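**Student:** structure for this input, please:
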Amino acid sequence: MSKLPAGNYGIILTPFSNDGELDLKGLSAELEYAIAKKLHGAVVLGSNGEGPFLTAAEKAAVIKRAGEVCKGRIALVAGAITVGTREALEYAGLAKAAGFDSLLTALPVYFNLDFEDVKRHYAYLAEHAGIEITFYHVPACSGLVLRPEQVAEVVSIPGVDSIKLTVMNREFISKTIELCWGLNCQFFIGTGLLAYEAMKLDAKGPFCPMCLIAPDDFRAMFNFISEKKWREAFELQEKIRLGGVALFAGVEADYESMKNGFMAICNAPFHSEVTSHTRAAHQLVKEALRLKGIPITNNVRLPYQRADEKKSAWVKKVLTDFGWL
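**Tutor:** Just a heads-up that it's a prediction; the model follows:
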């Protein structure tokens with residue numbers, strides 16, 4: 001049974017100093033902010049947390065500091081986005097020792113992976129990690145393409161007690177949630193932009209950096225959904241969607257047009273092929289957190305670049321227009 005409570009989980013953006021070194025003081029400030037804003041959980045070393053771009057020593061330092069700061073005040077999830085099982089197991093040991101509740105693990109494709117290889121990876125982790133395993137299915141980043149039936153089969157492995165599903169397609173989401181009913185699994189949606197739709201189908205909440213950018217709106221939406229006040233919840237979701245799509249796009253355009261384009265993609269018939277990788281947006285999210293007053297820089301790891309003045313001005317406009325600044 002999952003230890004993760006239902007609710008809003010903020011993806012912590014790993015902060016760096018002006019000379020590019022890990023900023024543990026900034027990390028502590030982000031975590032304290034998540035706790036102060038009454039988020040239900042915090043995720044370190046996720047995709048937007050630049051987990052794949054940190055060294056092993058840096059990842060260990062992030063896990064250690066997060067455990068020291070939070071001390072049971074918020075559910076903690078550690079990301080382990082690794083191409084091999086043994087490396088993921090090492091991070092599981094670090095997370096367990098630091099008092100984390102779960103290990104969020106994706107399996108990026110280098111050599112081809114058969115589905116039996118995928119199941120073997122998660123079964124081994126579930127048996128030996130000593131900590132709950134959260135299956136992170138994010139095909140547009142990992143390249144691991146599974147059908148809803150296969151996702152449900154991974155979640156049925158004993159010890160894989162939760163899932164973060166990051167697929168921008170409502171047909172895939174609804175089918176997967178339906179198949180996971182009765183599997184004793186906490187189902188989380190990997191985007192706050194579709195949280196309302198997923199939670200109406202029994203998802204337990206979003207794992208998303210938007211939970212840090214608009215924590216009050218997410219808390220209110222979660223409460224409305226819990227109380228089955230669907231109209232009020234949908235109105236907040238539409239606000240979050242308008243602002244979130246604009247923020248992640250990083251280009252100045254009409255809010256409604258961008259949101260409608262996003263929803264057209266999400267409502268399209270599902271195709272199993274991954275046609276392109278997700279465009280990085282962590283530079284924009286990090287700039288948003290900096291503008292909100294969290295004491296971090298907007299530096300990111302190469303090969304990416306931090307938000308320039310034009311993008312920073314756009315981020316500030318979005319935050320201002322939606323009352324998030």
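**Student:** for Ser102, list each beta-bridge partner.
**Tutor:** Val77, Glu132 (DSSP bridges).
**Student:** average pLDDT across stretch 280-298?
**Tutor:** Average pLDDT, stretch 280-298: 96.
**Student:** distance between the ends of that stretch?
**Tutor:** Start and end residues of stretch 280-298 are separated by 14 Å (C-alpha to C-alpha, to the nearest Å).
**Student:** mind listing what's buried in it?
**Tutor:** 280-291, 294, 296-298 (16 or more other C-beta atoms under 10 Å). No exception for glycine: its C-beta is placed from N, CA and C like everyone else's.
**Student:** pull the most distant pair out of the residues you listed.
**Tutor:** Greatest spacing in the buried residues of stretch 280-298, by C-beta to C-beta: Ala280 and Ile294 (19.8 Å).
**Student:** top helix in the chain by residue count?
**Tutor:** Criterion DSSP state H: the longest helix present in the chain is helix 230-249.
**Student:** now do the helices in the chain.
**Tutor:** Assigned by DSSP H, the helices in the chain fall at 24-36, 56-70, 85-97, 115-128, 139-142, 148-155, 170-180, 195-200, 210-213, 215-226, 230-249, 255-267, 282-291, 309-321.
**Student:** worst mean pLDDT among those?
**Tutor:** Mean pLDDT values for the helices of the chain show the minimum at helix 139-142, a mean of 92.
**Student:** and that one, how far out from the chain's middle?
**Tutor:** Centroid displacement of helix 139-142 relative to its chain, using C-alpha atoms, centre = their mean, to the nearest Å, is 13 Å.
**Student:** and for stretch 20-37?
**Tutor:** On C-alpha atoms, centre = their mean, the centre of stretch 20-37 falls 17 Å from that of its chain.
**Student:** contact partners of it?
**Tutor:** Here stretch 20-37 makes contact (C-beta atoms under 8 Å, 6 or more residues apart in numbering) with 10, 12-17, 42, 44, 54, 58, 61-62, 65-66, 69-70, 73-74, 212, 215-216, 219, 289, 294-297, 299, 301.
**Student:** okay, the helices of the chain in a markdown table with distance to Ser2 next?
**Tutor:** Below are the helices of the chain laid out as a markdown table (distance: least, C-beta to C-beta, whole Å):
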| stretch | distance to Ser2 |
| --- | --- |
| helix 24-36 | 20 |
| helix 56-70 | 18 |
| helix 85-97 | 15 |
| helix 115-128 | 12 |
| helix 139-142 | 22 |
| helix 148-155 | 11 |
| helix 170-180 | 12 |
| helix 195-200 | 16 |
| helix 210-213 | 19 |
| helix 215-226 | 17 |
| helix 230-249 | 23 |
| helix 255-267 | 26 |
| helix 282-291 | 26 |
| helix 309-321 | 33 |
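**Student:** out of those helices, nearest to Pro108?
**Tutor:** Closest among the helices of the chain, once you apply C-beta to C-beta, is helix 139-142, at 4.4 Å.
**Student:** could you export that closest one as PDB, CA atoms only?
**Tutor:** Only the C-alpha atoms of helix 139-142 are listed here, as PDB (Å, rounded to 0.1, in the frame of the first residue of the first chain):
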ATOM      1  CA  PRO A 139       7.400   8.500 -22.800                       C
ATOM      2  CA  ALA A 140       8.000  11.800 -24.500                       C
ATOM      3  CA  CYS A 141      11.200  12.200 -22.400                       C
ATOM      4  CA  SER A 142      12.200   8.600 -21.700                       C
END
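**Student:** buried residues in that helix, which are they?
**Tutor:** In helix 139-142, counting by 16+ other C-beta under 10 Å, buried: Pro139, Cys141, Ser142.
**Student:** that's all I had, so thanks and see you.
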